[in-house]
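Enquirer: Dropping a prediction and its sequence here:
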Amino acid sequence: DQQVKQNSPSLSVQEGRISILNCDYTNSMFDYFLWYKKYPAEGPTFLISISSIKDKNEDGRFTVFLNKSAKHLSLHIVPSQPGDSAVYFCAASGGSGYALNFGKGTSLLVTP
Amino acid sequence: DSGVTQTPKHLITATGQRVTLRCSPRSGDLSVYWYQQSLDQGLQFLIQYYNGEERAKGNILERFSAQQFPDLHSELNLSSLELGDSALYFCASSLAEYNEQFFGPGTRLTVL
């Protein structure tokens, strides 16, 4: 039962433009959301998080937006750089514990 | 470098065998999580320890067990291995249970 869904397996964006990665969740008990970036043969790297009491969190080029009523969050990367090319995972926790529930990832390709 | 270390990096073994994967959390982190990443299932939570005590279990098979030692390192034991156990196994740690988790580089297990 996939409680966190990333419906776009891949995304291609030109360098300098905005990348928008989307994530939907089904469990209304989730109250903490995170984005991770993963390169092949490496572990996921923490990027940014947001708790359910906020609807936006920014860190440099990365901004996460949370729409609780729609059970939807998105990661915006502005401006996109070729080094951002990686697989991005959305994750959520809450309710009965702190374990992360992951989406299946979106592969972002930023082209020069 | 997340500060989480995992050994070995690669492990090749035969069906029916038993292996032990080791994880050292970031300095000061009390919580350790184990995740399995297989091609079709994505990242799945297995088990969590906090300061030596088991806190939560996810999709962990009965053939698998784990523990966290007084020095806070953790081991994941996989026994009676089957072909389907071939996967990447990640360890993550966090300062407290509600903090973001930082992942190690993973152990790639291949069961032949």
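Expert: Perfect, thanks for sending it.

Enquirer: Chain A: strands as residue ranges?
Expert: Using DSSP state E, the strands of chain A run over residues A:4-5, A:10-14, A:19-25, A:30-38, A:45-51, A:56-59, A:62-67, A:72-77, A:86-94, A:97-102, A:106-111.

Enquirer: Let me have those in TSV, adding mean neighbour count and mean pLDDT as columns.
Expert: C-beta here means a position set from N, CA and C on the backbone, and glycine is covered the same way. TSV is the format used below for those (neighbours: other CB atoms under 10 Å in any protein chain shown; pLDDT from 0 to 100):
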stretch	mean neighbour count	mean pLDDT
strand A:4-5	20	96
strand A:10-14	14	98
strand A:19-25	21	98
strand A:30-38	21	95
strand A:45-51	18	95
strand A:56-59	12	97
strand A:62-67	18	98
strand A:72-77	19	98
strand A:86-94	23	95
strand A:97-102	22	88
strand A:106-111	17	97
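
Enquirer: What residues does chain B have near chain A?
Expert: B:2, B:4, B:31, B:33, B:35, B:42-45, B:48, B:55-56, B:58, B:90, B:92, B:94, B:97-98, B:100-106 (CB under 8 Å from any CB of the partner chain).

Enquirer: Residues of chain A that sit close to chain B?
Expert: A:32, A:34, A:36, A:41-46, A:49, A:89, A:91, A:96-105.

Enquirer: Name the residue of chain A with the shortest distance to chain B.
Expert: For chain A, the residue closest to chain B is residue A:43, as judged by CB to the nearest CB, at 3.6 Å.

Enquirer: State the distance from that residue to residue A:101.
Expert: Distance, residue A:43 to residue A:101, by CB to CB, to the nearest Å: 17 Å.

Enquirer: Please report phi then psi for the residue of chain A closest to chain B.
Expert: phi -80, psi 160 (degrees, to the nearest 10).

Enquirer: Now it: closest residue in space that isn't a chain neighbour?
Expert: Leaving aside its sequence neighbours, residue A:43 sits nearest to residue B:103 (CB to CB, 6 or more residues apart in numbering or on different chains; 3.6 Å).

Enquirer: Verify the stated contact: that neighbour with residue A:37.
Expert: No. Using CB atoms under 8 Å, residue B:103 is not in contact with residue A:37, being 10.8 Å away.

Enquirer: Quick check: neighbours shared by those two?
Expert: Common contacts of residue B:103 and residue A:37 (CB atoms under 8 Å, 6 or more residues apart in numbering or on different chains): A:44-45.
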